[in-house]
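>>> pasting the sequence and the predicted coordinates here, then a few questions.
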2 protein chains.
Amino acid sequence: MSNGSDLTQRPLEGLTVIDLTRALAGPYCTLLLAGLGAKVIKVEEPKGGDLARENSPYLGRDGIQVERRHDDDLSLSHLTRARGKYGVSLDLKTTEGREVYFDLVRQADIVVENFTAGTADRLGVGYQACHAINPRVVFASLSGFGATDRDGGKAMDVIVQALSGAMFTSGEPGHPPVRIGIPVADMLAPVFTVIGILAAIEQRHRTGTGQHVDVSMLGALTSFVAIENWSAMAAAGMPSRTGLTVQRLSPFGVFECADGYVSVVAVHEPLARGLFAAMGEPELAEDPRFANRDARVANATELEAKINAWSRQLPLVEVVRALEAKGVPVAPVRHPEDALVDPRVVARKETMAVEHPTYGSSIDLRTAGVPIQFSGATTGFDDALPVRIGEHNESVFKDLLGYDDDRIAALKAAGAI
Amino acid sequence: MSNGSDLTQRPLEGLTVIDLTRALAGPYCTLLLAGLGAKVIKVEEPKGGDLARENSPYLGRDGIQVERRHDDDLSLSHLTRARGKYGVSLDLKTTEGREVYFDLVRQADIVVENFTAGTADRLGVGYQACHAINPRVVFASLSGFGATDRDGGKAMDVIVQALSGAMFTSGEPGHPPVRIGIPVADMLAPVFTVIGILAAIEQRHRTGTGQHVDVSMLGALTSFVAIENWSAMAAAGMPSRTGLTVQRLSPFGVFECADGYVSVVAVHEPLARGLFAAMGEPELAEDPRFANRDARVANATELEAKINAWSRQLPLVEVVRALEAKGVPVAPVRHPEDALVDPRVVARKETMAVEHPTYGSSIDLRTAGVPIQFSGATTGFDDALPVRIGEHNESVFKDLLGYDDDRIAALKAAGAI
């Protein structure tokens, strides 16, 4: 598949990103850009830095710990989200700090921020200020409710999950909502922000100028929820929130085994017959209650009880084997730790191992990779990590901006870096 | 914010997409590309077409119905996913059909397919064949387990949710897994496919050639699951699957009201004090069980019981009002139908109304928009919809490919279109 391409190149090579982001949503956006080959310069306040540095657990000389013990213990959150990024310290509240920032913006293709809406402008480092200095810059804002929102309040993942309707899509009818264990609100907005940035970069090839890209956590997640036809299903009298199974496709959903759970899909005729055979009850295929799709849907509760009565007696591996033997789509419901080491996702770098740059790790610590394969490019992260705040000040300020030692010393003295 | 830009242009204008996709994952990818301004030509088999045309419910002259009644009833699935796409019929199993296909590929920047892995090559319409004819083409494959997988079986959303670990991230410890009600496996892979396509288009500006982009549903969703530090949390003895609340951040999570549920976050000191005041129990802030963060985490079960005892007595609106008055982050857990008409997401076109092109709709039918705002561009869909299979054969085959009436008649006679 290589077509003789240079597989050491990454697709976004040559693009430079100034990264003002903190916590999860913003840093995940710039992590994807870094993994695709952009040069990402992470800007942190000289004191404190990214909040994610304080997230438990930590990795260090004593292995993995709930509490920080040593100066060089690293939060797993920071270690995973700052991979491949070059870190500089910069106090944007100082005049000198903003001068350095605008020098960076002059060299940049992309700026990304996820301050509370309005903060970047108030600091004087927002889109208009950057556009005035470098009209080619694509400036991306990631916020809870949109860049112009002024009263939406704090947009933590669990708040946005609640507002978006996502929590009420899952769970059994009549039961409480479900907090989705993946921080989907935090994660989805940055994925759309990457799309917005790359679309704006494409437009820049035509127009020569950048623009402001503005993505909201609420909007990104609500748009996902909106792909199901909620109002139409309600109008048609069709149940929408249906828990572990979907009875209008019966048998379809999650069933219980003696030691776990499996997903099973046997919507179509041959699959239903395969399921009945695997259950040792091939005669059900002739039973008027289950002999065709309409009958199975009408008697779904009874059918699901029969399947569970069979699968509950057996270990998960046997249920999977029996159904696979009959060609029925089936999968174990895996725990995240098992899922992350699936050889398929490991081979494709969709999950990747991380370790402490000095102390390594005694166990396999898996985190997110870039889940895209290119035939003519590679993905992955530079061997760079801002262990300390300002880790790469020297190389960025000297090599990229051309500052001399005196200038750097003066900035340090002013508390700007 | 306009900077005098032409807000009638969309960011991906000028790019042409040949869309071989069916069902949900693939069509959502090309829907996003269409909304961003690419010209998407949807290719369907002359007989049958996209499976999504058969999904209940339907919209037509009798309004919304569970079963199709009239020829011009449209599946809501098709109506929402085919927005802004130009539809042609093409039998890729015929020599004539493939000739037309390659004529389209010659005009194309992007091809997207989500056949079972290997099928596109077997049909002779895969990446290598397209690359040979038009080396600039970016060819994207969206599959369950990757383009080179040959034995992964059927990759329905519920199967991939199970394998990815996503189902075991949600729900109470010791309880069954949770089927996430949003088809996240189907939806996430296409979002990453758009990123892969745009990154490859960016690389093409440097190299002049396209490449193969290959995204798997399992990889995309597993990479999302992998952002949480599952192994590290297990190694540190920290619980990871924690249900409606997260006790290590207590009070944090979902609480019950008399008529619904709310999300509440009061992790930090002033927020906890605000919560206690809203509850009418300001003295809890001095109670040694709850007086600081460590104490609240240690006594989280007791604290959550106290909060629920208060909130269960009150209507949701009163709980929200009381907490907002004290500056505590709070949100109602909304049902999808309410979430989709939030004025913020409506104003930003993050959800959009659809209707039948002939019969409209008597109710507001909301579906997904493109959740990205551009200061120098707009998003949205051309007024095009392949109501019938081959709806836009004339315009595409004549105007884009330059075929004459005789050629089109011959293709029809051969059953190729």
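Thanks, I have it.
>>> below-threshold pLDDT in chain A: ranges please.
A:1-6, A:152 (pLDDT under 70).
>>> ok, now with 90
Counting by pLDDT under 90, chain A shows low-confidence ranges at A:1-8, A:149-155, A:173, A:238-240, A:248.
>>> how is it divided into domains?
A:16-224+A:345-413, A:247-335 (automatic domain parsing).
>>> the shortest one: end-to-end distance?
Using C-alpha to C-alpha, to the nearest Å, one end of domain A:247-335 lies 25 Å from the other.
>>> picking that back up, quick one, which of the domains of chain A is nearest to chain B?
domain A:16-224+A:345-413 (2.7 Å; C-beta to the nearest C-beta). Glycine gets a C-beta too; all of them are placed from N, C-alpha and C.
>>> how about TSV for the domains of chain A, with mean neighbour count added?
What follows is the domains of chain A, written out as TSV (neighbours: other C-beta atoms under 10 Å in any protein chain shown):
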stretch	mean neighbour count
domain A:16-224+A:345-413	21
domain A:247-335	18
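>>> export those domains to a markdown table and tack on distance to B:Gly153?
Shown next, in a markdown table, are these (distance: least, C-beta to C-beta, whole Å):
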| stretch | distance to B:Gly153 |
| --- | --- |
| domain A:16-224+A:345-413 | 16 |
| domain A:247-335 | 6 |
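>>> include distance to chain B when you put those into a markdown table, please.
Listed next are the domains of chain A as a markdown table, based on distance: least, C-beta to the nearest C-beta, whole Å:
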| stretch | distance to chain B |
| --- | --- |
| domain A:16-224+A:345-413 | 3 |
| domain A:247-335 | 4 |
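>>> residue contacts, A:Ala384?
A:84-86, A:392 (C-beta atoms under 8 Å, 6 or more residues apart in numbering or on different chains).
>>> any idea how far B:Asp294 is from the nearest residue to A:Gly87 once chain neighbours are set aside?
Once flanking residues are discounted, A:Gly87 sits nearest to A:Pro386: 2.4 Å by C-beta to C-beta, 6 or more residues apart in numbering or on different chains. Distance, A:Pro386 to B:Asp294, by C-beta to C-beta, to the nearest Å: 29 Å.
>>> same deal with A:Val178?
Distance from A:Val178 to B:Asp294, by C-beta to C-beta: 29 Å.
>>> kindly export the strand or helix carrying A:Lys42 (C-alpha atoms) in PDB.
According to DSSP states H and E, A:Lys42 maps onto strand A:39-44. The C-alpha trace of strand A:39-44 is given here as PDB (Å, rounded to 0.1, in the frame of the first residue of the first chain):
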ATOM      1  CA  LYS A  39       4.600  21.100  15.800                       C
ATOM      2  CA  VAL A  40       2.700  21.900  19.000                       C
ATOM      3  CA  ILE A  41       4.100  24.500  21.400                       C
ATOM      4  CA  LYS A  42       2.300  24.300  24.700                       C
ATOM      5  CA  VAL A  43       2.100  27.500  26.600                       C
ATOM      6  CA  GLU A  44       1.700  27.300  30.400                       C
END
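>>> okay, now the sheet partners of it, with direction.
strand A:16-19 (parallel), strand A:85-89 (parallel) (DSSP bridges).
>>> which residues are in contact with the first one?
Think strand A:16-19. Contacts for strand A:16-19 (C-beta under 8 Å, 6+ apart): A:26-27, A:30, A:33-34, A:38-43, A:85, A:101, A:104-105, A:107-112.
>>> residues contacting the following helix or strand past that strand, please?
For strand A:16-19, the succeeding helix or strand toward the C-terminus, using DSSP H and E, is helix A:25-35. The contact list for helix A:25-35 (C-beta under 8 Å, 6+ apart) reads A:10, A:12, A:15, A:17, A:19-21, A:40, A:42, A:50, A:52, A:81-85, A:110, A:112-114, A:140, A:142, A:186-187, A:189-191, A:193-194, A:197, A:217, A:368-370, A:379-382, B:195, B:227.
>>> return the alpha-carbon coordinates of helix A:25-35 using PDB.
Only the C-alpha atoms of helix A:25-35 are listed here, as PDB (Å, rounded to 0.1, in the frame of the first residue of the first chain):
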ATOM      1  CA  ALA A  25     -10.900  19.100  25.900                       C
ATOM      2  CA  GLY A  26      -8.300  21.500  24.600                       C
ATOM      3  CA  PRO A  27      -5.200  19.300  25.200                       C
ATOM      4  CA  TYR A  28      -6.900  16.400  23.400                       C
ATOM      5  CA  CYS A  29      -7.400  18.600  20.300                       C
ATOM      6  CA  THR A  30      -3.700  19.600  20.200                       C
ATOM      7  CA  LEU A  31      -2.700  16.000  21.000                       C
ATOM      8  CA  LEU A  32      -4.400  14.800  17.800                       C
ATOM      9  CA  LEU A  33      -2.700  17.600  15.900                       C
ATOM     10  CA  ALA A  34       0.700  16.600  17.300                       C
ATOM     11  CA  GLY A  35       0.100  13.000  16.500                       C
END
